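# Below is the sequence, then the predicted model.
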Amino acid sequence: MVNLSPVQQIGVKLADQSQPLTNRFRALFTLRNLGGHEAIDCISKCFDDPSALLKHELAYCLGQMQYCFFVISNFHQIFENISFLLILLISRVLKDKKQEAMVRHEAGEALGAIGSPEVLNVLREYASDPQIEVAETCQLALQRIEWLNEKSSQESKNLSTNPYKSIDPAPPSQTEDTETLKNILLDESRPLFERYRAMFSLRNKGDEDSVLALADGLKCRSALFRHEIAYVLGQMQHEAAIPQLVEDQCLTALEKYSKDQERVVKRTKAKFSQLSSVVYVWGAGDGGQLGNGTQRHSPLPVKFSLDEEQIGQVGCGYGFMLAADTKCPRIWSTGLNTFSQLGRQLNGGKEKDIALTPAATDIPTAGPSAKVLQICCGRSHTMVLMDDGKVFACGGNYHGQCGTACLDACSVRELTEVPAISNKIKQIACGFDHTLLLTIDGQVFSCGWGADGQTGLGHFKDESSFKVVEGVLKDVNVKEVTTSGDSCLALSVDGEVFSWGNNEYNQLGTTSDEEQTAVPTVASLLQNSPEIKQVSAGGSNCIALTASGDVYSWGYGVLGHGQEVPFTKIPKKIQAFDNMEEVVIGVSCGPDYSAAVTDSGELYTWGRGSFGRLGLGSNEDQWIPNKVVLPGKVVNVSCGVDHMAVVVKLG
C-alpha cells in the first residue's frame, strides 16, 4: 500500500472528477497556498480534465505560486528551480492548441506573472495567435515584463498599493484622479496595457466612484478586458458592484444555460446555484428576536425561519431583529415592537407587543428593482439604506434619532423616508439612541441623543434632524463610520482614525482622559499602528483591523487578550489570531462582545457570554476568540445587545 503525503492527498481530491467543483476548487487553492514541487506536480496533472473552468484556475494558481514560493523561501536556488518548472509547465499549456482559449489565455497571463526573461520567446510567438484573447494576453504579458525591466525604484514607490496581494497583469497607473482614470479605462483607442493600468489603480482606490467607473468597462468590446473588469469587481467585494453585476434575471439566465453544451457555462451555474443564503441566530430570545416562535434563549446557532427567502442583510437591536430580502424592497422583522421599531403594527396597531415569528413589510416609495444595502438597529429604532441612497427610519424617536421631529408619542410608527441631505448616502450606523450617515463624498452626518457628545456636533444636546459633522473631519474623505453604543469612530480613505462621544473607559483611542468628547478628534494612539482597514466601536471598547489581518482592541471589558488584560488605553494586538492559517477580513462590536470573520468565512467571537450571545454553547465569558460552528461561509454579521445574527452562504 502506497502512503501518500498530505500534499498528495489533497492532489487526489483535486483530480477526482466525481467531486463537486467547489470541493476541487478548495483543494486547488490549498495546494497553491502550500506551494513547492509536490503541489505544482499535483496541479499540473489535471490539465487533461474536461472542465475548462477548472483548468483556467489551474493556470491562474500556477502563475501566482511563483510569487508565493518566493515570499516564503530563503533559498535562491530552490526558487530558481521552481520558476523553471513553472515556466516549462505553463508554456506547455499555452502551446497546446487543443486547450480552450480561456485556458491558454490564463497560461499566457501566468507567464507574465512570473515575469522572467525566459518566457519572452514563447510570449512573442503567441502574441499573434488566431485566438484574440490569447494574443491580447501575450501582448499584455510582454508589456508587463518590459515595464518591470525598465521601471525605476522611485516610480514603484509612487504607485498605489495592491491590497489584495495578487500578481496583476499590469501595474497600477501613476495617475490618481478617478475621472482621469475612468477616461483612460474606457478609451478603446488606447493600448490595452494603459487601460489595464487604469483598471488596477481604480481597484486599489476601492471607493464607490471607482467601482462605478470600472462597471462602465463591462460595456467595452474586448472580451478579455470585460473578463478582467469582472474579476477585479469580485476582488473588491463592494456593495456598489452588486447592481452592476447581478440583475433579477441573473439566476434565471444561469438556470437556462445549466444544460449548455459548453461545460464551463454549465459548471459556472452549478457553482453559483450552490451558494444559497441562510440566516442563523443565537443568544437571548425573551423578546422573540430569534424569530422561532418562542421566547427561549439559544446558546448555539439556530436557523432563522425564512426558508423560502434569500436574505442578504441582517440587523440586530435591543430585543428585535430585521432581515432584508435580496429579491425585492422588503424587510422581515421579529421581536420587541415597543416603539414600532419593526416598521409594522401588531394586534391592530397596539404598541408594547412582541412578534415571535418574522413577518414582511414592503419599503414604501421604493421601486420594484430597489434593493436594501444595509440595515442598522439601535436601542429602539431602525434605519434602512437602499441602493439608490435613500434612507428609511422607524421606531423610537424621543431623541430625534430617526432624523425627524418628535411626533406621535416620540415614535415613527411606519418606515418613513428620511429627508434628503447634500449627497447620496453609502453607509449608516446606529448607536443606542443616535444615528450616523456617510455620503459617497466622505461627509458624516448625525442626529439623535447628544448627552455624551456622540453626535459630534460640538454640543451635548439632542438633534432631531441630520447635521454635518465637521471639526477635524472637514475636508477629510471618510470611508467608514461605526457606533453601537455612545462612542463613535470614523476611518478616512488614508487610514486615519477619528473618534468622539463617550470616553469613560478610554475607548476613543486618544491620550485624553475626558469622559466625553463632543467633536471629532484624531485617535492619536492609533497613529503609529499598521495600515488600518476597518474599525468597529462597541460600548466600552473598540477594535481595529489592519490591512494584513491583525486585530487590535482597546478600552475596557473582555478584550480578547486573556483575563490578565481587562483594560488597555493603548490599542493592543490580539495574539490569538496569529496562530491561525486564516486571515481576518472583517470585525464587528456589540456593546460588550466582539466578532471577527476570516477569509474562509469562519466566525470567531469573544466577550461577555450571557444569554449565549457568543454562539459557543454556554453563557460563559470568553477572554480570547473562539470559533462559532456554522455550516457555510459567513458574509454578513450583526451584533445586538444580547443576540447575534449572521448571513451564511452555503455551498
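In hand now; what should we look at? Remember, predicted model here, so these are calculated numbers, not experimental data.
# Following the helix or strand bottoming out on mean pLDDT in the chain in sequence, what is the next regular element?
Considering only helices and strands, the least confidently modelled element of the chain by mean pLDDT, DSSP states H and E is helix 263-273, at a mean of 45. Stepping forward along the backbone from helix 263-273, the first helix or strand reached (DSSP states H and E) is strand 276-283.
# where are the low-confidence patches of the stretch 101-250 of the chain?
Residue ranges of the stretch 101-250 of the chain with pLDDT under 70: 152-160, 239, 242-250.
# Where do the helices of it begin and end?
According to DSSP state H, counting those that start in this stretch, the stretch 101-250 of the chain carries its helices in the segments 101-114, 120-125, 132-150, 153-158, 178-186, 192-205, 208-216, 223-236, 242-245, 250-256.
# Which of the ones you listed sits closest to residue 549?
helix 223-236 (15.9 Å; CB to CB). C-betas here are computed from N, CA, C, even on glycine.
# Just the C-alphas of that closest one, formatted as CSV.
Once non-C-alpha atoms are left out, helix 223-236 reads as follows in CSV (Å, rounded to 0.1, in the frame of the first residue of the first chain):
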residue,chain,number,x,y,z
ALA,A,223,-14.0,40.1,-24.1
LEU,A,224,-10.6,39.8,-22.3
PHE,A,225,-11.0,43.3,-20.9
ARG,A,226,-14.5,42.6,-19.7
HIS,A,227,-13.3,39.4,-18.1
GLU,A,228,-10.7,41.3,-16.1
ILE,A,229,-13.1,44.0,-15.1
ALA,A,230,-15.5,41.4,-13.6
TYR,A,231,-12.5,39.8,-11.9
VAL,A,232,-11.4,43.0,-10.1
LEU,A,233,-15.0,43.8,-9.1
GLY,A,234,-15.1,40.4,-7.5
GLN,A,235,-11.9,41.2,-5.7
MET,A,236,-13.3,44.5,-4.3
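# oh, and call the first residue 27 from now on, that's how I've got it
All right, first residue 27 from here; so that's helix 249-262.
# what's the distance between residue 330 and residue 315?
Remark: distance between residue 330 and residue 315 (CB to CB, to the nearest Å) = 10 Å.
# Return every residue with contacts to both of those two.
Common neighbours of residue 330 and residue 315 are listed as residue 307 (criterion: CB atoms under 8 Å, 6 or more residues apart in numbering).
# between those two, who's got more neighbours?
Neighbours per residue, other CB atoms under 10 Å: of residue 330 and residue 315, the larger number sits with residue 315, 30 against 24.
# if we can go back for a sec, quick one: which of the helices of the stretch 127-276 of the chain is nearest residue 458?
The nearest among the helices of the stretch 127-276 of the chain, by CB to CB, is helix 234-242 at 28.3 Å.
# Tell me the helices and strands packed up against that closest one.
Other helices and strands packing on helix 234-242, by 3 or more CB pairs under 8 Å, 6 or more residues apart in numbering; DSSP states H and E, are helix 204-212, helix 218-231, helix 249-262, helix 268-271.
# Just the local confidence number for residue 391, please.
Per-residue confidence at residue 391 stands at 74 (pLDDT).
# excluding its backbone neighbours, what's nearest it?
What sits nearest to residue 391 in space, not counting adjacent residues and going by CB to CB, 6 or more residues apart in numbering, is residue 443, at 6.0 Å.
# how close does that neighbour get to residue 536?
Between residue 443 and residue 536 the computed distance is 36 Å (CB to CB).
# With neighbour numbers in mind, choose between the two.
When residue 443 and residue 536 are compared on other CB under 10 Å, the one with more neighbours turns out to be residue 536, at 21 against 17.
# State the helix or strand in which that one lies.
Mapping residue 536 onto the secondary structure by DSSP H and E places it in no helix or strand at all.
# Could you measure from it over to residue 586?
Residue 536 sits at a distance of 21 Å from residue 586 (criterion: CB to CB).
# so after the strand or helix carrying residue 56, what's the next helix or strand?
Using DSSP H and E, residue 56 sits in helix 47-60. Downstream of helix 47-60, the first helix or strand assigned by DSSP H and E is helix 63-70.
# count of neighbours near residue 448?
Per other CB under 10 Å, the neighbour tally for residue 448 reads 10.
# And it, what's its pLDDT?
The confidence metric pLDDT takes the value 79 at residue 448.
# What of residue 603?
With respect to pLDDT, residue 603 scores 96.
# Now do the same contact list for it.
The contact partners of residue 603, by CB under 8 Å, 6+ apart, come to 575, 576, 577, 610, 622, 630, 651.
# ok, the fourth one - how many residues close by?
Taking other CB under 10 Å as the criterion, the count of residues near residue 610 is 23.
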